[in-house]
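**Q** From the sequence below, what's the structure:
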Amino acid sequence: MHANDRRLPEDALLDSIPRPSPERSDTSPGSLPNTLQRYLAYRGMRGSTAQGLLAVRRYGEDFIAWCVTQRVHQVRQVDARLLQAYQQALHAYRQRNGQPLSVNARLAKLVPVRGWLLWLLREGELPSDPVAAMELPRADRVLPRHLLGPSEMQRLLAEPDTGRPIGLRDRAMLELLYSSGLRRMELAGLQLKDLDLPRRLLWVRLGKGRKDRVLPITAVAVHWLQRYLQEVRPRLVRPSIDPGQVFLGAYGRPLSLAWLSQIVSQHLRHALPGHVGSCHLLRHAMATQMLEGGADIRYIQAMLGHAQLGSTQIYTHVAIGRLQEVHARTHPRASAEDTQS
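**A** Down below sits the predicted model:
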């Protein structure tokens, strides 16, 4: 077993507000924990994904824990002033590194709470509408800060020690992320039955937005996947229980989202000191480099699983190579001779 292959806490960045212990939670009718459980059951009945339900539970419990500090335990006590105070608390919170929560991190906490309270309002369990005065922060749409070029990607892909089982697994994961542009949660949930390696295809089942899609993968990714599936996965899986996921940890369990991020971040730090990022960095690299290579943006949209083309168009701002070529060819002062005048 690799020295660093151990279980990590899930998504510590956003687990910033302590939760009440389950044995002390009030589950009586009308209590916040009781209504959260009923909302989760409703969402499950409507077909929410396991990942969606996990987010609602996690961030709903964050809100309940904060409400306990405000001596608020019942739904009827939730009002607009309380929600504004919660938003202010998230805005003022500082992580261990002294940095505030990002806008997207605050949104991740607020959106599930908003949906839960709107459901309670429709159910007639709130005396007034506290959500009407709730103004969500505008999501950041920033360019990726650390884009990897082909040579940098080659260094990252070559970093795992493929002479060791865990290193071979990591190489297969990195190659697949770079080849297909999978999201972290899609990689974690990828099942053996979703692979069609002879045709170099994989299926993403119920990806973001509950949409399936079929993706091509490179011959190089197929090579490393085949090696992993033949040489490593049989050694990781428990004989009595096979969860079906392609990628497993050293104890035969599916890899958590936080641990996937940790794996990629660790290899990135070793291969390219000074660079930061994790799984999404390889998704950015794939999209940007395919655009640089001349791929139509709508094919990139299909690969990434974006519902709206606008979500994909951000990559046109970072695929700078072709723009540089046009700029150098057409700008009247692009020539080095112009420095003399």
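
**Q** Domain boundaries for this protein, per the record?
**A** 22-133, 150-325 (automatic domain parsing).

**Q** Tell me which of the ones you listed lies nearest to residue 332.
**A** The minimum distance between residue 332 and the domains of the chain falls on domain 150-325, with 15.9 Å, by Cβ to Cβ. Where C-beta positions appear, they are placed from N, C-alpha and C, glycine not excepted.

**Q** Need the domains of the chain in JSON lines (columns: distance to residue 332, mean pLDDT and mean neighbour count).
**A** Shown next, in JSON lines, are these (distance: least, Cβ to Cβ, whole Å; pLDDT from 0 to 100; neighbours: other Cβ atoms under 10 Å):
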{"stretch": "domain 22-133", "distance to residue 332": "41", "mean pLDDT": "88", "mean neighbour count": "16"}
{"stretch": "domain 150-325", "distance to residue 332": "16", "mean pLDDT": "85", "mean neighbour count": "17"}
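
**Q** ok, residue 37 - contacts?
**A** Contacts for residue 37 were tallied using Cβ atoms under 8 Å, 6 or more residues apart in numbering; they are residue 27.

**Q** SS state for residue 213?
**A** strand (DSSP: H, G, I helix; E, B strand; the rest coil).

**Q** Backbone dihedrals for the nearest residue to it once chain neighbours are set aside, please?
**A** When the adjacent residues along the chain are set aside, residue 213 lies closest to residue 204, with 5.0 Å between them (Cβ to Cβ, 6 or more residues apart in numbering). Main-chain torsions, residue 204, degrees, to the nearest 10: phi -100, psi 110.

**Q** Am I right that residue 204 is in contact with residue 187?
**A** No: taking Cβ atoms under 8 Å as the definition, residue 204 is not a contact partner of residue 187, at 9.6 Å.

**Q** other SSEs contacting the helix or strand hosting residue 228?
**A** Assessed by DSSP states H and E, residue 228 sits inside helix 219-231. Counting contacts by 3 or more Cβ pairs under 8 Å, 6 or more residues apart in numbering; DSSP states H and E, helix 219-231 packs against helix 165-180.

**Q** Does anything pack onto the next helix or strand along the chain from the helix it packs on? Which helices or strands?
**A** Downstream of helix 165-180, the next assigned helix or strand under DSSP H and E is helix 184-189. Judged by 3+ Cβ pairs under 8 Å, 6+ apart, helix 184-189 is in contact with helix 165-180, strand 201-207, helix 257-271, helix 279-292.

**Q** Make a markdown table from these and add distance to residue 148 to it.
**A** What follows is those, written out as a markdown table (distance: least, Cβ to Cβ, whole Å):
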| stretch | distance to residue 148 |
| --- | --- |
| helix 165-180 | 9 |
| strand 201-207 | 22 |
| helix 257-271 | 9 |
| helix 279-292 | 5 |
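
**Q** what about the helices in the stretch 51-200 of the chain?
**A** Secondary structure of the stretch 51-200 of the chain (DSSP state H, counting those that start in this stretch): helices located at 80-92, 103-122, 150-157, 165-180, 184-189.

**Q** Now do the same contact list for residue 170.
**A** 160, 263, 267.

**Q** ok, now residue 197?
**A** So residue 197 contacts 222, 225, 226 (Cβ under 8 Å, 6+ apart).

**Q** nearest residue to residue 64 other than its sequence neighbours?
**A** Nearest to residue 64 is residue 32, by Cβ to Cβ, 6+ apart, at 4.7 Å.

**Q** from what I can see that neighbour touches residue 76, true?
**A** No: using Cβ under 8 Å, residue 32 is not in contact with residue 76, being 10.3 Å away.

**Q** For residue 274, identify the helix or strand it belongs to.
**A** Using DSSP H and E, no helix or strand contains residue 274.

**Q** quick one: it from residue 268, how far?
**A** The gap separating residue 274 from residue 268 is 10 Å, by Cβ to Cβ, to the nearest Å.

**Q** do residue 288 as well
**A** 16 Å.

**Q** From the chain's centroid, how far away is the helix holding residue 228?
**A** What separates the centre of helix 219-231 from the centre of its chain is 24 Å, taken as Cα atoms, centre = their mean, to the nearest Å.

**Q** what's the angle from it to helix 165-180?
**A** 150 degrees (axes from the mean of the first three to the mean of the last three Cα atoms, to 10 degrees).

**Q** Output helix 219-231 as CSV - backbone C-alpha positions only.
**A** This file holds the C-alpha atoms of helix 219-231, laid out as CSV (Å, rounded to 0.1, in the frame of the first residue of the first chain):
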residue,chain,number,x,y,z
ALA,A,219,-5.6,5.0,-27.4
VAL,A,220,-3.1,6.0,-24.7
ALA,A,221,-5.8,6.2,-22.0
VAL,A,222,-7.1,2.8,-23.2
HIS,A,223,-3.6,1.3,-22.8
TRP,A,224,-3.2,2.5,-19.2
LEU,A,225,-6.7,1.5,-18.3
GLN,A,226,-6.2,-2.0,-19.6
ARG,A,227,-3.0,-2.3,-17.6
TYR,A,228,-4.7,-1.1,-14.4
LEU,A,229,-7.7,-3.3,-14.9
GLN,A,230,-5.6,-6.4,-15.5
GLU,A,231,-2.7,-5.8,-13.1
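
**Q** Perfect, that will be all.
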